[in-house]
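S.K.: Sequence and predicted model, in that order:
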There are 2 protein chains.
Amino acid sequence: MLERSRKQTRGPLVVIGGGEDKEGERVILREVAKLLDGGRLVVATVASHEPEGYFEAYRRAFSELGVTDLVELYVKDRAETLDPDKLRALEGAAGVFFSGGDQLRISSQIGDTPVEQRVREIHERGGVIAGTSAGASAMSETMLVKGTSGESHRIGDLHMAPGLGFMRDAIIDQHFAERGRFGRILGAVAHNPRELGIGIDEDTALVVTGDRFEVIGSGCAYVVDGAAVTHSNIAEARPERALSMYDVRLHVLSSGDAFDLARRRPAVVPDVRVSHAIEAQAALGPDPSRTGS
Amino acid sequence: MLERSRKQTRGPLVVIGGGEDKEGERVILREVAKLLDGGRLVVATVASHEPEGYFEAYRRAFSELGVTDLVELYVKDRAETLDPDKLRALEGAAGVFFSGGDQLRISSQIGDTPVEQRVREIHERGGVIAGTSAGASAMSETMLVKGTSGESHRIGDLHMAPGLGFMRDAIIDQHFAERGRFGRILGAVAHNPRELGIGIDEDTALVVTGDRFEVIGSGCAYVVDGAAVTHSNIAEARPERALSMYDVRLHVLSSGDAFDLARRRPAVVPDVRVSHAIEAQAALGPDPSRTGS
């Protein structure tokens, strides 16, 4: 840990789309284990109303990966965040792993409490912050709380709330392709294209270090960039109206791909102008109907 | 019909994402009725292995909309496409409506037969060609036959085949948001970005006239444009590999939106350069970390 914190201030984030493999290759949990480097992991099950079973599943999954110093952190309600025993669990931790459940439980129960403060300190000193499913959503500055899956976005059909904000300028969604959540992330981005929408499939994760992330796992991560949007109807009054939004830029990323969050570009592509140039060329392409002025 | 065919050669297409309202407002079927203008409609139930019931449902739905001259066309197998009775059903028709089922039944049973020839003649003379669900997919030049819904695209996990080709340079997918088919339309577009991918929600349709379409109905139509793509891994050998594709342009359209297929642009937005300019401006925006060179 000391080695790492000398090189960079903040620790890495591991943002997981839910349903990470816990029995096979465990690519994602193995990455968490590697980043912990033998240190203690706190499994925060606070997102769950009924946390029983979560901790045991992670204890089993992590034990063969060399992570043996595991403690559970659960708070039933906000009052418990002052409990010295709860705070003691976070002492000396090399990382915190937020398990699944309801992201609103994470923000409403530990937001602006001593527990959140300790987690933030661990991150500032170089510790790993990981989160899966609800734990991934809660990383967002403005997080998606509720929105219909499996259909296109209706204006007004989306609830957002302030998240923990470890991941700046991005709204995270999870179980992404599996639950058909394209509609709701597009709706979220339409609200303010400053935020990137990042949808993460199950058994897939972003490993974020500084302004860059890499994708690991078996599925895709979708980056929805609204910076070039020319039109959207999101501010229209009728809540049942379906979304309209032109010129969204979308990147489909999978294992091995990296993304530069500051430049809002896949890390290996030098410039957005390359994309513009290809598009301009295509418009002049072989189809004679497109060459006429 | 004569009035219309003097003004334009080919008739309109109505490309429906499945599940169109048959009992309430019937916005889509009403549009079909309007385009028929009192003429005969042939309901082609050929996509179905068991066509019973389809025709009755459309007869009921259309009767209150003033479409009373309705005939069914079903061919059990290719041999039947030579049957004079089958061909007679198409005589004098103002339009043909392909119902749902399996798009591969449409192409394999009527492709390159006298039945298809008659349908094409009706279209060339200004008749309406409508299709819902499988009937929408079959409109494509290269049509999506099979591909997993509800997950991200895996290379190799997609079957395409030559469709009827009424809709040029586009691959149509249907039941789009409802069945989580973003993954497979992105995969299809990656194969050859010349083709636009158009995903249509249930109870939503494109009304295509010439090089332009308008969206009607309650959901969204998604236009996936790969012309500016800078990278894709679709030609990689491993079939279980998840898709990677950078710089996809996406338009989310809903009722009232129009799209220019020749320019590959929403009809009301003058130029792709507007989108580029907004994006360039956003990159120079208020975030000081992005202004440094």
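M.R.: Noted; the coordinates are in hand. Please read all numbers here as calculations on a predicted model, not as lab measurements.
S.K.: Just the mean pLDDT for the helix or strand where A:S108 lies, thanks.
M.R.: Of the helices and strands defined by DSSP states H and E, A:S108 is found in helix A:103-110. Averaging pLDDT along helix A:103-110 yields 96.
S.K.: by contact count, what packs against whatever helix or strand comes next after that helix?
M.R.: Using DSSP H and E, the helix or strand that follows helix A:103-110 in sequence is helix A:114-124. For helix A:114-124, the packing partners by 3 or more Cβ pairs under 8 Å, 6 or more residues apart in numbering or on different chains; DSSP states H and E come out as helix A:84-89, strand A:93-98, strand A:128-132. All C-beta spots, glycine's among them, are computed from the backbone N, C-alpha and C.
S.K.: Now do the helix holding A:S108 against strand A:128-132, angle only.
M.R.: Between helix A:103-110 and strand A:128-132, the angle comes out at 140 degrees (axes from the mean of the first three to the mean of the last three Cα atoms, to 10 degrees).
S.K.: coming back round to it: please work out which of the helices and strands packed on helix A:114-124 is packed deepest.
M.R.: Among the helices and strands packed on helix A:114-124, strand A:128-132 has the highest mean neighbour count (mean count of other Cβ atoms under 10 Å in any protein chain shown), at a mean of 28.
S.K.: Just the residues contacting that strand, thanks.
M.R.: Here strand A:128-132 makes contact (Cβ atoms under 8 Å, 6 or more residues apart in numbering or on different chains) with A:11-18, A:20, A:32, A:35-36, A:41, A:94-100, A:119, A:122-123, A:137-139, A:166, A:174.
S.K.: Restricted to buried residues, select the residues you listed in ChimeraX.
M.R.: Applied in ChimeraX, the following selects the buried portion of these according to 16 or more other Cβ atoms under 10 Å in any protein chain shown:
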select /A:11,12,13,14,15,16,17,18,20,32,35,36,41,94,95,96,97,98,99,100,119,122,123,137,138,139,166,174
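S.K.: which residue sits closest to the closest residue to chain B within the stretch 1-150 of chain A, ignoring its sequence neighbours?
M.R.: Nearest residue of the stretch 1-150 of chain A to chain B: A:G150, at 5.9 Å (Cβ to the nearest Cβ). Excluding the flanking residues, the one nearest A:G150 by Cβ to Cβ, 6 or more residues apart in numbering or on different chains is A:G180, at 4.1 Å.
S.K.: just checking, A:D201 touches A:A177?
M.R.: Yes: A:D201 lies in contact with A:A177 (Cβ atoms under 8 Å); the separation is 5.0 Å.
S.K.: Overlap in contacts, these two.
M.R.: A:219-220, B:151-152.
S.K.: burial of the closest residue to chain B within the stretch 51-200 of chain A, as a residue count?
M.R.: The nearest approach of the stretch 51-200 of chain A to chain B comes at A:G180, 3.2 Å away (Cβ to the nearest Cβ). Each residue near A:G180 was counted by other Cβ atoms under 10 Å in any protein chain shown, and the total is 25.
S.K.: surely it meets B:R179?
M.R.: Yes: between A:G180 and B:R179 a contact is recorded at 7.3 Å, counting by Cβ under 8 Å.
S.K.: and A:A161, how many neighbours?
M.R.: 17.
S.K.: first to last residue in stretch A:45-60, what's the distance?
M.R.: This stretch, stretch A:45-60, spans 15 Å end to end (Cα to Cα, to the nearest Å).
S.K.: Report the buried residues of it.
M.R.: Applying 16+ other Cβ under 10 Å to stretch A:45-60 flags A:45-48, A:51, A:54-55, A:58-59 as buried.
S.K.: model confidence over that stretch, on average?
M.R.: What stretch A:45-60 shows for mean pLDDT is 91.
S.K.: ok, now stretch A:10-25?
M.R.: Per-residue pLDDT values across stretch A:10-25 average out to 97.
S.K.: after the worst-scoring helix or strand of chain A on mean pLDDT comes which helix or strand?
M.R.: Sorting the helices and strands of chain A by mean pLDDT, DSSP states H and E puts helix A:2-7 at the bottom, at a mean of 45. Moving toward the C-terminus from helix A:2-7, the next helix or strand (DSSP H and E) is strand A:13-16.
S.K.: Quick one: closest of the helices and strands packed on helix A:114-124 to A:T113.
M.R.: Smallest distance to A:T113 across these (Cβ to Cβ): 9.6 Å, for helix A:84-89.
S.K.: thinking again about what came up before, in helices, which of the buried residues of stretch A:45-60 fall?
M.R.: Taking DSSP state H, the ones among the buried residues of stretch A:45-60 that sit in helices are A:54-55, A:58-59.
S.K.: Can I get the residues you listed in TSV including distance to B:D225?
M.R.: What follows is these, written out as TSV (distance: Cβ to Cβ, whole Å):
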residue	distance to B:D225
A:Y54	42
A:F55	46
A:Y58	42
A:R59	48
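S.K.: before we move on, the earlier item: so the residue of the stretch 1-150 of chain A closest to chain B, which of the three states?
M.R.: Using DSSP: H, G, I helix; E, B strand; the rest coil, the structure places A:G150 in coil.
S.K.: can I assume it is in contact with B:R181?
M.R.: No: the pair A:G150 and B:R181 does not pass the contact test of Cβ under 8 Å, sitting 10.7 Å apart.
S.K.: The two: which is more packed in?
M.R.: B:R181 (30 against 15).
S.K.: Touching, the more buried one and B:H175? I think so.
M.R.: Yes: between B:R181 and B:H175 there is a contact under Cβ under 8 Å: 7.0 Å.
S.K.: Please enumerate the helices of the stretch 101-250 of chain A.
M.R.: Under the criterion DSSP state H, counting those that start in this stretch, helices of the stretch 101-250 of chain A are mapped to A:103-110, A:114-124, A:134-137, A:182-191.
S.K.: Just say which of those is most tucked in.
M.R.: helix A:134-137 (a mean of 29).
S.K.: Check which helices and strands that one is in contact with.
M.R.: Helix A:134-137 packs on strand A:13-16, strand A:93-98, helix A:103-110, strand A:142-147, strand A:170-173, going by 3+ Cβ pairs under 8 Å, 6+ apart.
S.K.: Name the residues that touch it?
M.R.: For helix A:134-137, contacts defined as Cβ under 8 Å, 6+ apart pick out A:15-18, A:44, A:47, A:97-103, A:105-106, A:131, A:143-145, A:163, A:172-174, A:200.
S.K.: cool, and stretch A:154-167?
M.R.: Stretch A:154-167 is touched from outside by A:13, A:15, A:103-104, A:106-107, A:111, A:116, A:119, A:123, A:129, A:137-148, A:171, A:184, A:187-188, A:191, A:208, A:233-234, A:236, A:238-243, with contacts defined as Cβ under 8 Å, 6+ apart.
S.K.: so how far is that stretch from its chain's centroid?
M.R.: Averaging C-alpha positions (Cα atoms, centre = their mean, to the nearest Å) puts stretch A:154-167 13 Å from its chain's average.
S.K.: Mind listing what's buried along it?
M.R.: A:154-155, A:157-158, A:160-161, A:163-167.
S.K.: do the same with stretch A:19-34
M.R.: Neighbour-count burial for stretch A:19-34, counted by 16+ other Cβ under 10 Å, picks out A:19-21, A:26-33.
S.K.: That stretch: end-to-end distance?
M.R.: By Cα to Cα, one end of stretch A:19-34 lies 20 Å from the other end.
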